[in-house]
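Asks: Sequence and computational prediction follow.
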Amino acid sequence: MSPAAVKPGSLKDPSIASLFSKEDPENIYEDLREIGHGSFGAVFYAQNVNNQETVAIKKMNFSGKQAQEKWLDIIKEVRFLKQVKNNYIVEYKGCYLKDYTCWLVMEYCIGSCSDVIEVLKKPLLESEISSIASQALLGLSFLHSLPRIHRDIKAGNILLTDQGIVKLGDLGSVSTTCPAQSFVGTPYWMAPEVIMAMEDGLYDDRADIWSFGITCLELAEQKPPLFNRPAMSALYHIAQNEPPKLGRVKENGEDAGWSEDFHNFIDKCLQTEPKKRMTSNESLNHSFIVNRGGSNLPSTEVILKLIKKTKLIVQEQDNSQYRKMRKLMYLDEQHHHHKSGSNEYNNVHQFRNLNIAGDTCSLDSHGTDDDNHSNCQRNSNEDHDSLCNSISSLQSNDLNNGNGSLRKISGQSNEYSCRKDSTTSFNNKSTGNNSGKGQNYYSVNRHDNIAGITIAESTSETCTPTIIFSSRVQTGDESSDISTFSAPSTYPRIYGSLKGKVATIPEDIPLTTGQILTSKKSNASISASNDDSTSSNVLASSQDDVSSKEFLNLDEQSYGIDNEKISLHGPLSLHRSPQEKINTLRRSKFSTLRTTKIISKEVDEYKRENNMYEQMVGYKRLRQQHQKEIKIQEDKNNVELDGLRLKLEREYDQLIQASVKELNKIRQQAKSQMDRLIKEHEEAEKKMKKQKTNLNDYKFKTFVNLQKKEYKHNKEKLKVDLKGRALTRSDYEAALKNAKLILQRDKEEKEKIFYKEQQVNLNTEYFKLKKDHLITQNNYEHKWLEDEYTKKSYQLETSHSLLRKHHELTKDKEVRCLAMLEEIKKRHLGIQHDTELNHQTDHNNRMIDDMRKKHALQSKQQPKELKNKEILIRKQFRHAVKVRAKQFKTYQSQLLATVAKEEQKELINKLKEEQKRKIAALADEYERSIGNMVSEQTVQLETWQEEEEKNLNEKLKKDINELKQFQEKQRNNLEITLDRERKSLFEKIENRRIELEEKISQEILNFNEEKRQRFLGLEQKQQLKMDGLIAHEMSFTDSTMYDLQSESIKASNSQFSTIHHSGSNVTSPSSHSSTGNITSTRVSSTSEYGSPIVKTGRNSDITDQTNF
């Protein structure tokens, strides 16, 4: 059974069932942390409970729309991964099915090259690029040897391990055949032949070399060429423009410093003509790869140094996010001090419990507290009326976007860096665009949910957990509900049932008893508290009521979402003992090259409506669907044409068979008629022979009787004559005897001559009749042959007419099939262009929204309502952080109570690192909440902002016009292609018609030649028969006439001798010894057909038989 014939998720087919393990993955893997997100779903870090092996789990959901296609893609990917094994390709660990989700377990990598360049915010060194490229090419060369095509080579799919090994990831796009034709890949990295494959034909493994060259440019320039353009526009640029080159100078005019080997390597990879590019094996032997970019170190050591450097920067950036939140909390506490004097100390004291940094960044450091407290006091005194310090921070952060420089990572302690002004790290935080947007990672990092916040999570893996704050704010006489922010899906989520093991800090303590709100779009809604006192009461309640006993005896909470039951339970539920949680912490080997901000930004981008991921997946599926539809139509056309061809061939064969059968019938009838005619002629000849023989017998008998009478008369006359001579008796008797003998001989000679004359007459009449019959037969044969060829001529004309008709039918069918394909291609191109324009429009709208958001953040005049909303959001986040601190403290004390003192330090460090990542994620979410709130406001723009917005609109308008020009050019190219195909078809049809006419002409010539040869052969055959009959007749007549003349001479001589003896009366003694009757014997002759002509003598019955 083929995979396409089964229901998605069905394992009835043994070949499919063998791809998946029957075990429950939730029993095998623990400490799940979401580390990436893409169009396929989410990627998680996890740990195998059996062997403590760290793995990456890609969860792919195959329900909903296009479930069949998703299921087939999963089967194809798993089948390939089970077969491939190489040191430079991510290793396959297993595959599981859980409901409608596939858990694809792969080797764990700490990050990708895209993560590295995004964290570093600067290009890699040439030696680093060469080291990465050398190992990546080994994996690529292995794939090409299979032969397979990766089709999605980019920095985001070149993964790094802690051992300094480079591995190729995301093998879901690998082709099953080489060459291929599918539209697969990421736009900016796609080769021209891949983009044009549907129009121009197939592509081979050298398409990966183009993508690899673009990837090297990405590592050298932080982003691929054309990345500032929309994806749709980039596709047209790649397909129609010259290939990009490695820049020789930087934007500031300085020399880029790249070697000639690197330039040459890029140029050889980025050749428009695929055949001119290097192969993967040739790339490995290039001087850029062999020389390792001028480095003397092994590639593994170079990569390890790069990883170490990146990890330090990741840690610094996460710490920076924490410091932002710390600054926010102190600003808020300072403001609260002015409003509620005595509560300040308690709140600050509560926040000081958030000792999460594990170093001097901890809020327990009094010196740091005092410094920041005094800074906040000064800020408040300078501008007491403005509480939008976070907005100002966001403004500075946005202004420094992509231009700020990272702090140097030195050997200084974190204590020194943390004692600096907290605004330094905040302003230096860069939020540059992710050059690896939309990429799928097997890299690491997961953020857990905000502790103590109720979570409502959709059943879909790609949905976002919802954080709800139930509060209301009083604004004058009105009370308004505020929904401001949603937690990213990078916060920890509890998947599955009670069997799931997620090692996190306790998260299932509810902040309030308010009802849980859910959104259809899985966007979290946050409602402010009624007033400050309400919030304070909630916080106090949560602090006072949560004791150690209650904290460890939390029951699972079940929430019904989307008609499904999802159990949400924290790691401190009854089914997990403290010892189990401690063991999980001990085994944890979590490491990452991705900051919390990168992951949250990736998830946030994915959650946006009409995001680039969904658009590109939809665009790829659209192109693939169009290609599939064209293939189906082509196959259908081929089937219909083959069916028509077989039908016409069958019809032609039936006509030929009917013609042959009809000719055979005519020939059979002619043969039967000929046989009947020959039989009639034979019977007529026999009858004539018999009649003539009987007549000749009668005449011969009459002649014999007359000869007898004449003999008697002559004998009596002789006696009288002898008696008159007065001879003696002896002489008389001797003379009489001799005379009788002579008379008898004369009588026999006469009879013989008479008989021969009868035979001559009989044979003359017989041969005359036979000639007449032969002429009749010849005429009949000639007429029959004429009829046969008349019929064959008609059949030939009929077959030629049928062939011409078949030609027209085939022509019409081919023209209709081509017209259908043309219509489909034009319709597809129209749909494709509409989709591209819609995507371009969505991109423009996003750019305009980002510009408005940026201008709103840059505005120094914020409305009072906005300030109130900001205060409300800050208050909500302050509550979340305080509850987190309380839970963390309780959780830590419970765990440490069961652990030996020598192990406590290690566990505390891991707990603090975990908590620090969560607070950093909370800071990212806070920035987005403030940014989204500000971007919704209508602000008055300054002159330079209006000019910037105008330039952006002009650029976007230019992009739209440029895209339309590309599309118009593509339409023209399609028309040219269709005209060429149409012309080719008509040329093919015309050539076929000419061949048909030549075939018909040749058949007519062959027919006429065959007819001439047949008639000539018949005439020759008939002439031979006639000549043979005449020759036989003449030979028989000549021999008979010769015998007749001889007999006549003998008869005349005998008569002369009788007269002589009678006159001389002399009797020869010897004559008396010759006595007896003379009997004629049978004389035979052979006719042409070998049948004897029998003559009968006097003393026998006369019979004459002639057989033909």
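Replies: Here it is on my side, so go on.
Asks: Identify the residue nearest residue 718 in space, chain neighbours excluded?
Replies: Distance criterion Cβ to Cβ, 6 or more residues apart in numbering; nearest residue to residue 718, sequence neighbours excluded, is residue 739 at 4.7 Å. C-betas here are computed from N, CA, C, even on glycine.
Asks: burial count for the one you found?
Replies: Residue 739 has 21 neighbours, counted by other Cβ atoms under 10 Å.
Asks: give me every residue that touches residue 204.
Replies: 149, 178-180, 274 (Cβ atoms under 8 Å, 6 or more residues apart in numbering).
Asks: Now render the residues you listed as JSON lines, adding neighbour count.
Replies: Shown next, in JSON lines, are the contacts of residue 204 (neighbours: other Cβ atoms under 10 Å):
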{"residue": "149", "neighbour count": "29"}
{"residue": "178", "neighbour count": "17"}
{"residue": "179", "neighbour count": "17"}
{"residue": "180", "neighbour count": "20"}
{"residue": "274", "neighbour count": "18"}
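Asks: of those, the lowest pLDDT goes to which?
Replies: Within the contacts of residue 204, residue 179 has the lowest pLDDT, namely 76.
Asks: I'd guessed it sits against residue 203; true?
Replies: Yes: in this structure residue 179 lies within contact range of residue 203 using Cβ atoms under 8 Å: 5.9 Å.
Asks: returning to what we had before: how much space is there between the residue nearest to residue 718 and residue 814?
Replies: 110 Å (Cβ to Cβ, to the nearest Å).
Asks: One more: residue 926?
Replies: Shown here: residue 926 relative to residue 814, a distance of 67 Å by Cβ to Cβ.
Asks: do the same with residue 281
Replies: In terms of Cβ to Cβ, residue 281 sits 44 Å off from residue 814.
Asks: Looking at the two, which is more packed in?
Replies: Set residue 281 next to residue 814 and count neighbours by other Cβ under 10 Å: residue 814 wins out with 19 against 12.
Asks: Shouldn't residue 36 be within a strand?
Replies: Yes: under DSSP: H, G, I helix; E, B strand; the rest coil, residue 36 falls within a strand.
Asks: Looking at strand pairing, list the partners for it.
Replies: Residue 36 forms beta bridges with residue 43, as assigned by DSSP bridges.
Asks: That one: neighbour count?
Replies: Neighbour number of residue 36 under other Cβ under 10 Å is 29.
Asks: Same question for residue 156.
Replies: Applying other Cβ under 10 Å, we find 30 residues neighbouring residue 156.
Asks: What confidence value was assigned to it?
Replies: On the pLDDT scale, residue 156 is placed at 89.
Asks: and the closest residue to residue 108 other than its chain neighbours, what pLDDT?
Replies: Leaving aside its chain neighbours, residue 108 sits nearest to residue 54 (4.3 Å; criterion: Cβ to Cβ, 6+ apart). Residue 54 is assigned 89 on the pLDDT scale.
Asks: what does the one 5 residues further on give?
Replies: pLDDT, the model's per-residue confidence, is 89 for residue 59.
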